[in-house]
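Undergrad: predicted structure and sequence below. I'll ask about it afterward.
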Amino acid sequence: MKVSKLASNLIGSEIIKIGNEVNDLKAKGAQISNLTIGDLNSNIYPIPSELKQGIEKAYQNNLTNYPPANGLQSLRTSVSNDLKKRWNLDYSANDILITAGSRPLIYAIFKTIVDEGDKVIYPIPSWNNNHYAYLTTANAVEVQTQESNNFLPTADDLRPYVDGAVLLCLCSPLNPTGTMFTKEQLSEICELVLEENKKRGEDQKPLYLMYDQIYAMLTFGADHYNPVSLFPEMKDYTIYVDGTSKCFAATGVRVGWGFGPSLVIDKMKALLTHVGAWAPKPEQEAVAEFLADNSAVDAFLSDYKQKLNTSLKELHAGIQELKSKGLTVESISPMGALYLTIKLDYLGKTAPDGSKIENSTDLVFYLINNAGMALVPFSAFGNDKSVPWFRASVGGCSLEDIKDCLPKLEKALDTLK
């Protein structure tokens, strides 16, 4: 029995593999602080009550047939109005595409722009760009980033690769690090994209920028910047990925939106009619109403962000305390999203049972079994397994879970020799 070459060589998610191990152990009674999945525990972080009521009302009103393929007019209008109010971005409802979360948008961007062998640039670590590049048979160019730049690419990092490239993929706040572009960093990248596009003829594809800002509302003290607000001429080249999943703790509600140049968005709409990646109609109706209620949105975000930030600060402070005790650990102060970036420089060490911690995956499973703490290595985001950096997501844990796991982490690391 054979399947396609694409299916045969498809690599499964390392995050899901780790998550399955955690779930198996928890089913057997193990107490594990699960800092792996970029999801929200809905008992700790419920969706806005107004949104929940709106969804229930829409089902009661029998809004259960197909929505328009590009999304409800009411929702696209609400998104358009919110973009103007929040980011001073001018996009009409016709240039907004509603989908079942952000994944269909990213897939559609790749499929709409990338032909076989086309050059696609993305930094590592970054979420799933390697898999989308594979699915579209792109010529993937992975750009290594540095801790000194908070694992975000600079224009100088990208400059050697832009010649002939058709797509540059960026995300801020970044999954997996929770770090964010400064105004200067993003401005220099936009200038690079504009400079490159001035060199291209009419018969050439431009260099497009996919800008994933799904975490844009979840920032802690730092300002979120986006390409078109900085450089209006970037509007011809920038396709945005956004939605409700992270900003409203609504990962299972499945309402995302993309917006960008009319030509690209129209082709994405056409492509997705053959995929059926529509967000459910009741959820669309409810999000349209909630997003239009500015006071309700702001009240929810204020409380939600405060809780997330408290957990992130607690975890960061705990790692810094371990560092002060002489453990070879580090963490980057949280800026946005759900994530803390943690360095655990223990690769090559030996566990008490004599087993060797050869790579970051080995350390992950050692900590699951010996510290009751589950992290995701940067190897799940494109880096080599020799990189001792990890993503910790606080969305699935309570503040008490985080406090409880830190002494266990200290003890488990101390026993490595």
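TA: Structure received. Numbering: from 1, shown residues only.
Undergrad: in this structure, which helix or strand is least confident?
TA: The least trusted helix or strand in the chain, going by mean pLDDT, DSSP states H and E, turns out to be helix 14-27, with a mean of 82.
Undergrad: which elements pack onto it?
TA: If contacts are counted by 3 or more CB pairs under 8 Å, 6 or more residues apart in numbering; DSSP states H and E, helix 14-27 sits against strand 33-34, helix 360-370, strand 373-374, strand 376-377. For the C-beta atoms, the positions are set from N, CA and C on the backbone; glycine is no exception.
Undergrad: show me what the helix or strand following the first one is packed up against.
TA: Remark: after strand 33-34, the chain's next helix or strand is helix 49-60, criterion DSSP states H and E. Packing partners of helix 49-60 (3+ CB pairs under 8 Å, 6+ apart): helix 281-291.
Undergrad: ok, residues contacting the helix it packs on?
TA: Residues outside helix 281-291 that contact it (CB atoms under 8 Å, 6 or more residues apart in numbering): 48, 50-51, 53-55, 57-59, 63-67, 71-72, 74-75, 77-79, 82, 98, 244, 248, 253-255, 296-297.
Undergrad: report the central residue of this protein.
TA: Closest residue to the average C-alpha location of the chain: N175 at 4.0 Å, with CA atoms, centre = their mean.
Undergrad: quickly note the distance from that one to G382.
TA: As judged by CB to CB, to the nearest Å, N175 and G382 stand 12 Å apart.
Undergrad: intersection of neighbour lists for the two?
TA: Common neighbours of N175 and G382 (criterion: CB under 8 Å, 6+ apart): S126.
Undergrad: quick one: secondary structure of G117?
TA: At G117 the chain is in coil, as set by DSSP: H, G, I helix; E, B strand; the rest coil.
Undergrad: does it touch N139 like I think?
TA: Yes: the criterion here is CB atoms under 8 Å, and G117 meets it with N139 at 5.3 Å.
Undergrad: and the two? which has more neighbours close in?
TA: More crowded of G117 and N139, by other CB atoms under 10 Å: N139, with 15 against 8.
Undergrad: per-residue confidence at the more buried one?
TA: N139 carries a pLDDT score of 98 in this model.
Undergrad: picking that back up, what about the contacts of helix 281-291, which are in strands?
TA: Taking DSSP state E, the ones among these that sit in strands are I98.
Undergrad: give me the buried entries from the contacts of helix 281-291.
TA: Among these, those buried by neighbour count (16 or more other CB atoms under 10 Å) are 48, 50-51, 54-55, 58-59, 63, 67, 71-72, 74-75, 77-79, 82, 98, 244, 248, 253-255, 296-297.
Undergrad: follow-up on the earlier one: which stretch in the helices and strands packed on helix 14-27 is the model least sure about?
TA: Ranked by mean pLDDT, the helices and strands packed on helix 14-27 bottom out at strand 33-34, with a mean of 90.
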